[in-house]
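K.L.:
Below is the sequence, then the predicted model.
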Amino acid sequence: MNYFKTIKEALQTVYYSKKYYAISLIAGIIIFSLNAVIRNYKLLLDQFSFTLLYHLVLGTFTSFATSMWISLLFVAVLTGIIVSFTVFLIGRQISSSGVSTSISSILIAIVAPACPSCAVGLFGIVGLGGVMAYLPFRGEELGPLAVLLIAVSLGYLSKKVVTNTCEIKR
């Protein structure tokens, strides 16, 4: 099956139910907001307020180069879609097998395939921020790389969404 055709079928399958639109939107906003929170975590720890958080998130548009926040928007949108796909797959697995799943395992399943680029934001926290200075485009090449990795993950999850399986009767 064609890569884009598989993704299209998976999108139609998952977004048949309206709740997945909300899941995608919320996950995308969280990923976009996490960028501002991670970059300014010391300030937020010292002087936390929701107003400050709001202004830091809005400041993302002015503090980044246009190419960087566009790639951040792509990452947020694709991550929202992946989170919806993952929630859909977990729900289908639970309903078909009757297996109970804990909240922690659901969170791990959602976060694991969702955002490989989030690890880049954590470089500064673990002391690897200086590594960005040695990259040829000062870290701007990581945005398209993150979008590419998330697109590959989206294709992988799309195959799982559209795959039909038969139930084994005992």
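P.N.:
Sure, I can see it. Numbering: from 1, shown residues only.
K.L.:
Only C-alpha atoms from now on, for both contacts and neighbour counts.
P.N.:
Will do.
K.L.:
and V87, how many neighbours?
P.N.:
19 (other C-alpha atoms under 10 Å).
K.L.:
what's the distance between it and T51?
P.N.:
31 Å (C-alpha to C-alpha, to the nearest Å).
K.L.:
For this structure, which segments count as helices?
P.N.:
3-14, 19-39, 41-46, 50-58, 60-63, 66-97, 103-114, 118-121, 142-162 (DSSP state H).
K.L.:
Output these in a markdown table, with mean pLDDT appended to each entry.
P.N.:
Putting the helices of the chain into a markdown table (pLDDT from 0 to 100) gives the following:
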| stretch | mean pLDDT |
| --- | --- |
| helix 3-14 | 86 |
| helix 19-39 | 87 |
| helix 41-46 | 85 |
| helix 50-58 | 86 |
| helix 60-63 | 78 |
| helix 66-97 | 81 |
| helix 103-114 | 43 |
| helix 118-121 | 52 |
| helix 142-162 | 80 |
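K.L.:
Indicate which one of these is closest to K169.
P.N.:
When the helices of the chain are compared by C-alpha to C-alpha, helix 66-97 sits nearest K169, at 11.5 Å.
K.L.:
check contacts around the closest residue to A151 other than its chain neighbours.
P.N.:
Computed as C-alpha to C-alpha, 6 or more residues apart in numbering, the closest residue to A151 that is not its neighbour in sequence is L78, at 7.3 Å. Listed by C-alpha atoms under 8 Å, 6 or more residues apart in numbering, the contact partners of L78 are G28, V147, I150, A151, L154.
K.L.:
which of those residues count as buried?
P.N.:
G28, V147, I150, A151, L154 (16 or more other C-alpha atoms under 10 Å).
K.L.:
which among those residues gets closest to Q93?
P.N.:
L154 (18.3 Å).
K.L.:
Leaving out the residues flanking it, which one is nearest to the closest one?
P.N.:
According to C-alpha to C-alpha, 6+ apart, the nearest residue to L154 is I82 (6.0 Å).
K.L.:
Could you check how far the one you found is from L34?
P.N.:
17 Å.
K.L.:
okay, those two: which has more neighbours?
P.N.:
I82 (29 against 16).
K.L.:
Just confirm that one contacts K160, I think it does.
P.N.:
No - using C-alpha atoms under 8 Å, I82 is not in contact with K160, being 11.8 Å away.
K.L.:
could you dump the helices of the chain to CSV with distance to K169?
P.N.:
Output for these, formatted as CSV (distance: least, C-alpha to C-alpha, whole Å):
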stretch, distance to K169
helix 3-14, 25
helix 19-39, 30
helix 41-46, 53
helix 50-58, 52
helix 60-63, 53
helix 66-97, 12
helix 103-114, 27
helix 118-121, 42
helix 142-162, 22
